[in-house]
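K.L.:
give me the fold of what follows.
(chains A, B, C and D)
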There are 2 protein chains.
Amino acid sequence: MAEVLTPMRRQILEFIVACQRERNFPPTIREIGDHVGLRSPATVANHIEVLKNAGYIEKNPQQPRTLTVRMEMETPTPIVSLRRVPFVGDVAAGTGVLADETDHEVLDLPEQFAGRDDSFALRVRGDSMIDAGILPGDIVIVRRQPDAQVGEIVVAGIPGDEATVKRYFPQGATVVLKPENAALEPLEFPASEVVVYGRVISVLRTY
Amino acid sequence: MAEVLTPMRRQILEFIVACQRERNFPPTIREIGDHVGLRSPATVANHIEVLKNAGYIEKNPQQPRTLTVRMEMETPTPIVSLRRVPFVGDVAAGTGVLADETDHEVLDLPEQFAGRDDSFALRVRGDSMIDAGILPGDIVIVRRQPDAQVGEIVVAGIPGDEATVKRYFPQGATVVLKPENAALEPLEFPASEVVVYGRVISVLRTY
DNA sequence: CTAGGCTACGAACAACTGTTCGGTAGGAGG
DNA sequence: CCTCCTACCGAACAGTTGTTCGTAGCCTAG
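P.N.:
Take a look at the predicted model:
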């Protein structure tokens, strides 16, 4: 058994990853030959065959530009799937909550915290939820949904045209929004005047 | 002038980026046709021509699989620099805190939460810090440091060979570890018997 | 010296790909 | 009504690409 990763083979591998990084698509066999100084496509194809059998690269037969290096050699992107969460800093004046991410700050979070569905981030103002461990200045991640279960923590729009974080208790035609603060009283509104923007799925805080 | 980004064109763009992400090489015109339901390569080529003139994609003429989406539409690699934080689930028995990340779970977090220096993650047990908004089950990110300022929240090892999260108050030869729970009393130990593992720099919670 | 294994070359071929050209269907607007 | 425009199909064509085959040089083991 001969050496597998000869200097030539190594050069070919590096050229493939370079193409991927700089041009976003793999090279053809002849492009590889031109770059490493091999005049015959057969020679390059032979080296690629060896690299493929050794498990270094993958290839779709008979299709041009389908070379991919396995195991990437240097992980450019982490394994976790990040999700881009729009940061809605100011929720005053009702309209803001549905704003798109283009003109706002964004937060990149792993799925574990950002959720799998459509969600947004919100900085909490006020101390109405301190007994639930949500302090002023904390960032809550909110999963966008038009309704919620009894007792869940939601972000809701209320008649005073502000959005608040409260526990959600629907009671027939009215909705009770209960703060988690012994010093504050629950709020009660007609169900038609309360808009549930979503449910709080995670809380983030930095000191 | 007609609409540029019709639903069909948008679908084609999304398919190209999907191919890039999942297979690492762009599709051919006929592959695009098969995917979006266009039977003629000419039709697909026409759409691609429009997208190219509009500046959405780049293309090498007469070469297969050389489509690249300009401006990437969705940043494949986020701008933020992720940090890999080792997750030390069980801190009992003193030894565990300095464990390396290889045999433990890890957490990928943006620098904003993970800090710039050496840090680790820890799941909080007990309710000794609920008045500071740190609930049982919360994950705290701890920056490894051997000392702390007065009043900071630290993770410390104490004689009962357990690690706890408390506020740090050094007082001469003794150290007072103060819980944030009205029902609990501060703990006091000789300074020599308290090991500060690090300072809590962020708190994460999922519901 | 000789045989065998690599490596490389060059030519030829079939498959695939991008491209071009003609033709059809449907809607918008005069 | 007709015309223009757009989107689409189908076929054909030329260029490119991966592949195969035969051959040659070089090195090492026997």
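
K.L.:
give me the mean pLDDT for stretch A:107-115.
P.N.:
For stretch A:107-115, mean pLDDT rounds to 77.

K.L.:
can you check stretch A:128-141 too?
P.N.:
Confidence for stretch A:128-141, expressed as mean pLDDT, is 90.

K.L.:
likewise stretch A:44-57?
P.N.:
For stretch A:44-57, mean pLDDT rounds to 86.

K.L.:
any part of that stretch near DNA strand C?
P.N.:
Yes - against DNA strand C, stretch A:44-57 shows contacts by CB under 7 Å from any atom of the strand at A:N46, A:H47, A:V50. To be clear about C-beta, it is placed using only N, CA and C from the backbone, and glycine gets the same treatment.

K.L.:
just the buried residues of those.
P.N.:
For those, a neighbour count by 16 or more other CB atoms under 10 Å in any protein chain shown gives the buried set as A:H47, A:V50.

K.L.:
is the strand of greatest length in chain A in proximity to chain B?
P.N.:
Residue-count comparison of every strand in chain A, with assignments taken from DSSP state E, identifies strand A:195-206 as the longest. Yes - with CB under 8 Å from any CB of the partner chain as the criterion, chain B is reached by strand A:195-206 at A:R199, A:V200, A:I201, A:S202, A:V203, A:L204, A:R205, A:T206.

K.L.:
ok, these vs A:S128, which is closest?
P.N.:
Minimum distance to A:S128 across the residues of strand A:195-206 next to chain B is 12.8 Å, recorded for A:V200 (CB to CB).

K.L.:
tell me the angle the worst-scoring helix or strand of chain A on mean pLDDT makes with strand A:195-206.
P.N.:
Least confident helix or strand, chain A: strand A:82-88 with a mean of 71, by mean pLDDT, DSSP states H and E. For strand A:82-88 against strand A:195-206, the angle between stretch directions is 110 degrees (axes from the mean of the first three to the mean of the last three CA atoms, to 10 degrees).

K.L.:
show residues contacting the helix or strand containing A:I48.
P.N.:
Assigning secondary structure by DSSP states H and E places A:I48 in helix A:41-53. Contacting residues not belonging to helix A:41-53 are listed as A:4, A:8-9, A:12-13, A:29-30, A:32-33, A:36, A:38, A:57-59, A:67 [CB atoms under 8 Å, 6 or more residues apart in numbering or on different chains].

K.L.:
show me which of these is closest to DNA strand C.
P.N.:
Looking at the contacts of helix A:41-53 and their distance to DNA strand C, the nearest is A:L38, at 3.7 Å (CB to the nearest atom of the strand).

K.L.:
is it true that the closest one touches A:I29?
P.N.:
No - with contacts defined as CB atoms under 8 Å, A:L38 does not count as touching A:I29, sitting 9.4 Å away.

K.L.:
for stretch A:46-66, buried residues please.
P.N.:
Taking 16+ other CB under 10 Å as the neighbour-count basis, stretch A:46-66 is seen to contain the buried residues A:H47, A:I48, A:V50, A:L51, A:Y56, A:I57, A:P64, A:R65, A:T66.
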